[in-house]
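Student: 3D model of this:
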Amino acid sequence: MTMTFITGGIRSGKSEYAERLANESTNVLYVGFGVITDDEMQQRIEVHQKRRPNHWGLLSNPTELPIFGSTNEDNEAILVDCLSTWLANRCMSIPEEELKSKDHQETILLELQSWLEQIKQLTEHVIIVSSEVGLGGVALYRLGRFYQDVLGKMNQLTAEAADEAFAVMSGLPLRLK
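Tutor: Numbers count the residues shown, from 1 in each chain. As a prediction, this is how the structure comes out:
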């Protein structure tokens, strides 16, 4: 098993780079978390769908990190795109007044760590994509700060667990690890 972590800003080309890496394998399972909330999100999801080969498998659950088992035995690669969308979906269920509590942050990080441990047991090449939000300023709202804090830690944990890590900027991958 090889775990590859790919991060980058919005529209940086990180998903395209991950798809190119996955396309080196014949059988790929694509794991997505996107939710159609308006016309713009529908267009974004459609752009991602059009880029993927039709023969790739699809697993989609907006709020659950997938448990891999016997259903993916034929896959050579698993592309998870992306953790930042999964976190955004999870954040939407947290009441704003509870964002000061560390409980939700700890629960999410423990869930991610458990999932990463499961990933390490797989034989497939697992490619995990996540947005980088640490290059901008601190968010002005509580939900934004919670999201930045948790995603920053999630990205650190995933990069640490990965065998290789890349930051994609302007479509160009920069090897971090």
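
Student: measure Ala162 to His104 for me?
Tutor: Using C-beta to C-beta, to the nearest Å, one obtains 25 Å as the distance from Ala162 to His104. (C-beta placed from N, C-alpha, C; glycine too.)

Student: Looking at the two, which one has more neighbours?
Tutor: Shown here are Ala162 and His104; by other C-beta atoms under 10 Å, Ala162 has more neighbours (22 against 18).

Student: Spit out the contact partners of that one.
Tutor: Counting by C-beta atoms under 8 Å, 6 or more residues apart in numbering, Ala162 makes contact with Met3, Thr4, Phe5, Ile128, Lys177.

Student: State the phi and psi torsions of the fourth one.
Tutor: Put plainly, it is Ile128. Backbone torsions of Ile128, given as degrees, to the nearest 10, read phi -120, psi 130.

Student: hmm, which two among the contacts of Ala162 are most spread apart?
Tutor: Across the contacts of Ala162, the longest distance by C-beta to C-beta is 12.9 Å; it joins Ile128 and Lys177.

Student: the more surrounded of the two?
Tutor: Higher neighbour count among Ile128 and Lys177: Ile128, with 26 against 11, using other C-beta under 10 Å.

Student: Which residue is the nearest non-sequential neighbour of that one?
Tutor: Val80 (4.7 Å; C-beta to C-beta, 6 or more residues apart in numbering).

Student: what does Ser12 give?
Tutor: Nearest one to Ser12, counting by C-beta to C-beta, 6+ apart, is Val168 at 4.8 Å.

Student: What's the separation between the one you found and Ser131?
Tutor: For Val168, the distance to Ser131 (C-beta to C-beta) stands at 11 Å.
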